[in-house]
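>>> need a structure here:
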Amino acid sequence: MSLYPLLARLALLWGLLIPVPSLALYDPVPDASLTAVEGEWQGSLTYRDYQDASREVTLPTRLWISLGAADRLVLHFVFDDGPAKTVHSYDSLRLDTAAGAVHWQSGEKAATRYTLLSDQREGSARELVFEANDDNGHRRYTLRLAADAIDWRKEEIAADGSRLQRNRYRFQRPAPR
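Next comes the predicted model:
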(Lines give C-alpha, C1' and ligand atoms only; values in the text may rest on other atoms or scores of the structure.)
Protein backbone atom coordinates (compact mmCIF):
# COMPACT_ATOMS: atom_id res chain seq x y z
CA MET A 1 0.00 0.00 0.00
CA SER A 2 1.29 3.40 -0.96
CA LEU A 3 1.87 6.00 1.71
CA TYR A 4 1.14 8.87 -0.68
CA PRO A 5 -2.73 8.80 -0.47
CA LEU A 6 -2.56 8.75 3.32
CA LEU A 7 -0.15 11.69 3.43
CA ALA A 8 -2.27 13.61 0.94
CA ARG A 9 -5.36 13.12 3.13
CA LEU A 10 -3.45 14.19 6.25
CA ALA A 11 -2.17 17.30 4.47
CA LEU A 12 -5.71 18.19 3.38
CA LEU A 13 -7.04 17.65 6.90
CA TRP A 14 -4.23 19.77 8.36
CA GLY A 15 -4.99 22.54 5.84
CA LEU A 16 -8.64 22.56 6.87
CA LEU A 17 -7.76 22.81 10.54
CA ILE A 18 -5.46 25.84 10.18
CA PRO A 19 -7.52 28.96 10.93
CA VAL A 20 -7.65 31.49 8.11
CA PRO A 21 -8.01 35.07 9.30
CA SER A 22 -11.19 36.73 8.17
CA LEU A 23 -10.24 40.38 8.41
CA ALA A 24 -13.37 41.62 6.66
CA LEU A 25 -15.40 40.40 9.62
CA TYR A 26 -13.62 42.87 11.85
CA ASP A 27 -13.52 45.98 9.67
CA PRO A 28 -14.96 49.05 11.42
CA VAL A 29 -18.65 49.75 11.00
CA PRO A 30 -19.20 52.87 8.84
CA ASP A 31 -20.93 55.89 10.29
CA ALA A 32 -24.69 55.90 9.57
CA SER A 33 -24.41 59.35 7.93
CA LEU A 34 -22.11 57.82 5.30
CA THR A 35 -24.16 54.69 4.61
CA ALA A 36 -27.28 56.88 4.32
CA VAL A 37 -25.90 58.60 1.21
CA GLU A 38 -24.81 55.50 -0.71
CA GLY A 39 -26.46 55.09 -4.07
CA GLU A 40 -27.67 57.18 -6.97
CA TRP A 41 -28.38 60.93 -6.88
CA GLN A 42 -29.53 63.52 -9.40
CA GLY A 43 -29.24 67.27 -9.30
CA SER A 44 -27.11 70.10 -10.54
CA LEU A 45 -23.77 71.82 -10.39
CA THR A 46 -23.90 75.61 -10.44
CA TYR A 47 -20.58 77.39 -10.85
CA ARG A 48 -19.20 80.84 -11.60
CA ASP A 49 -18.20 81.09 -15.21
CA TYR A 50 -14.42 81.11 -15.41
CA GLN A 51 -14.56 83.63 -18.29
CA ASP A 52 -17.09 85.98 -16.64
CA ALA A 53 -17.25 85.68 -12.82
CA SER A 54 -20.52 87.67 -12.72
CA ARG A 55 -22.28 84.87 -14.64
CA GLU A 56 -23.30 81.48 -13.24
CA VAL A 57 -23.63 78.27 -15.23
CA THR A 58 -25.81 75.34 -14.15
CA LEU A 59 -25.28 71.81 -15.44
CA PRO A 60 -27.52 68.79 -14.84
CA THR A 61 -25.45 66.35 -12.79
CA ARG A 62 -25.75 62.77 -11.63
CA LEU A 63 -23.79 61.29 -8.75
CA TRP A 64 -23.15 57.75 -7.54
CA ILE A 65 -21.75 57.26 -4.04
CA SER A 66 -20.31 54.12 -2.52
CA LEU A 67 -18.18 53.37 0.50
CA GLY A 68 -14.53 52.63 -0.18
CA ALA A 69 -13.91 52.03 3.53
CA ALA A 70 -15.74 52.78 6.77
CA ASP A 71 -14.53 56.39 6.63
CA ARG A 72 -14.30 56.96 2.85
CA LEU A 73 -16.87 57.98 0.26
CA VAL A 74 -16.18 57.17 -3.39
CA LEU A 75 -17.91 59.64 -5.73
CA HIS A 76 -18.62 59.33 -9.45
CA PHE A 77 -20.02 62.53 -11.00
CA VAL A 78 -21.49 62.70 -14.50
CA PHE A 79 -22.09 66.18 -15.95
CA ASP A 80 -24.15 66.98 -19.02
CA ASP A 81 -21.99 69.80 -20.44
CA GLY A 82 -23.84 70.41 -23.68
CA PRO A 83 -24.92 68.39 -26.71
CA ALA A 84 -22.90 65.17 -26.96
CA LYS A 85 -20.51 66.34 -24.22
CA THR A 86 -20.68 64.16 -21.11
CA VAL A 87 -17.99 64.67 -18.48
CA HIS A 88 -17.05 62.09 -15.82
CA SER A 89 -15.28 62.96 -12.57
CA TYR A 90 -14.02 60.53 -9.93
CA ASP A 91 -13.32 61.59 -6.36
CA SER A 92 -12.65 60.03 -2.99
CA LEU A 93 -13.33 61.73 0.33
CA ARG A 94 -11.87 60.23 3.51
CA LEU A 95 -12.90 61.58 6.91
CA ASP A 96 -10.27 61.46 9.64
CA THR A 97 -12.22 63.05 12.47
CA ALA A 98 -9.67 61.95 15.09
CA ALA A 99 -7.00 64.02 13.31
CA GLY A 100 -9.43 66.82 12.38
CA ALA A 101 -8.88 66.25 8.68
CA VAL A 102 -10.58 65.45 5.40
CA HIS A 103 -8.50 63.88 2.63
CA TRP A 104 -9.87 64.55 -0.83
CA GLN A 105 -8.52 62.84 -3.91
CA SER A 106 -9.68 63.87 -7.35
CA GLY A 107 -9.01 61.39 -10.14
CA GLU A 108 -5.42 60.15 -10.14
CA LYS A 109 -4.04 63.22 -8.34
CA ALA A 110 -2.54 62.94 -4.87
CA ALA A 111 -5.01 63.50 -2.04
CA THR A 112 -5.23 66.99 -0.57
CA ARG A 113 -5.49 67.30 3.21
CA TYR A 114 -8.13 69.74 4.45
CA THR A 115 -8.55 70.95 8.00
CA LEU A 116 -11.91 69.87 9.42
CA LEU A 117 -13.39 73.00 11.01
CA SER A 118 -16.78 71.62 11.96
CA ASP A 119 -18.60 68.28 12.06
CA GLN A 120 -22.19 68.92 13.16
CA ARG A 121 -25.12 66.52 13.31
CA GLU A 122 -28.78 67.45 13.24
CA GLY A 123 -30.96 64.36 13.46
CA SER A 124 -29.77 62.03 10.70
CA ALA A 125 -28.13 64.87 8.74
CA ARG A 126 -24.43 65.69 9.02
CA GLU A 127 -22.67 68.90 8.02
CA LEU A 128 -18.91 69.04 7.50
CA VAL A 129 -16.94 72.26 7.00
CA PHE A 130 -13.33 71.92 5.87
CA GLU A 131 -10.72 74.17 4.28
CA ALA A 132 -7.18 74.35 2.92
CA ASN A 133 -4.58 76.75 1.60
CA ASP A 134 -2.48 75.77 -1.38
CA ASP A 135 -1.23 77.12 -4.70
CA ASN A 136 -4.86 77.64 -5.77
CA GLY A 137 -5.63 79.90 -2.78
CA HIS A 138 -7.79 79.49 0.30
CA ARG A 139 -10.84 77.27 -0.21
CA ARG A 140 -13.62 76.27 2.15
CA TYR A 141 -16.15 73.51 1.56
CA THR A 142 -19.45 72.95 3.32
CA LEU A 143 -20.88 69.47 2.78
CA ARG A 144 -24.33 68.61 4.12
CA LEU A 145 -25.25 64.93 3.92
CA ALA A 146 -28.75 63.58 4.51
CA ALA A 147 -30.61 60.49 3.33
CA ASP A 148 -32.77 62.59 0.97
CA ALA A 149 -30.49 65.50 -0.04
CA ILE A 150 -26.87 66.48 -0.48
CA ASP A 151 -25.70 70.09 -0.60
CA TRP A 152 -22.03 70.87 -1.27
CA ARG A 153 -20.62 74.41 -1.53
CA LYS A 154 -17.13 75.58 -2.43
CA GLU A 155 -16.08 79.08 -1.40
CA GLU A 156 -12.90 80.96 -2.20
CA ILE A 157 -11.75 83.16 0.67
CA ALA A 158 -9.78 86.30 -0.13
CA ALA A 159 -6.98 87.72 2.03
CA ASP A 160 -9.43 90.29 3.47
CA GLY A 161 -11.75 87.46 4.59
CA SER A 162 -14.41 88.06 1.94
CA ARG A 163 -15.96 84.93 0.46
CA LEU A 164 -16.96 84.12 -3.08
CA GLN A 165 -19.09 81.06 -3.76
CA ARG A 166 -17.26 79.29 -6.60
CA ASN A 167 -19.67 76.38 -7.06
CA ARG A 168 -22.50 74.44 -5.49
CA TYR A 169 -23.85 70.94 -5.96
CA ARG A 170 -27.43 70.09 -5.01
CA PHE A 171 -28.67 66.53 -5.17
CA GLN A 172 -31.75 64.56 -4.31
CA ARG A 173 -32.70 60.92 -4.79
CA PRO A 174 -34.10 60.14 -8.23
CA ALA A 175 -37.76 59.19 -8.53
CA PRO A 176 -38.35 55.42 -8.48
CA ARG A 177 -38.48 53.90 -11.96
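
>>> quick check: closest non-adjacent residue to the residue nearest to the spatial centre of the chain.
Among the residues of the chain, the one closest to the centroid is Leu73, at 3.1 Å (C-alpha atoms, centre = their mean). Using C-beta to C-beta, 6 or more residues apart in numbering and skipping residues adjacent in sequence, the residue nearest Leu73 is Leu93, 4.7 Å away. For glycine as for every other residue, the C-beta is placed from the backbone atoms N, C-alpha and C.

>>> repeat for Val29
Closest to Val29 by C-beta to C-beta, 6+ apart is Ala70, at 6.5 Å.

>>> give me the number of residues near the one you found?
By other C-beta atoms under 10 Å, the residues close to Ala70 number 14.

>>> correct me, but it touches Ser33?
No - between Ala70 and Ser33 there is no contact under C-beta atoms under 8 Å: 11.9 Å.

>>> what's in contact with the host helix or strand of the residue nearest to the centre of the chain?
Using DSSP states H and E, Leu73 sits within strand 72-80. If you take C-beta atoms under 8 Å, 6 or more residues apart in numbering as the criterion, strand 72-80 is touched by 34, 37, 45, 59-68, 86-95.

>>> narrow the residues you listed to those in strands?
Those of these mapping onto strands are 45, 59-68, 86-95, per DSSP state E.

>>> which stretches of this structure form helices?
4-17, 32-35 (DSSP state H).

>>> weakest of those in terms of mean pLDDT?
Set side by side, the helices of the chain give their lowest mean pLDDT on helix 4-17, at a mean of 58.

>>> now Asp27: closest residue in space that isn't a chain neighbour?
In space, Asp27 is closest to Ala70, 6.3 Å off (C-beta to C-beta, 6+ apart).

>>> now do stretch 65-76: distance to the chain's middle.
5 Å (C-alpha atoms, centre = their mean, to the nearest Å).

>>> now that stretch: mean pLDDT?
Stretch 65-76 comes out at a mean pLDDT of 96.

>>> can you give me the end-to-end span of it?
Chord length of stretch 65-76, first to last residue, is 7 Å (C-alpha to C-alpha, to the nearest Å).
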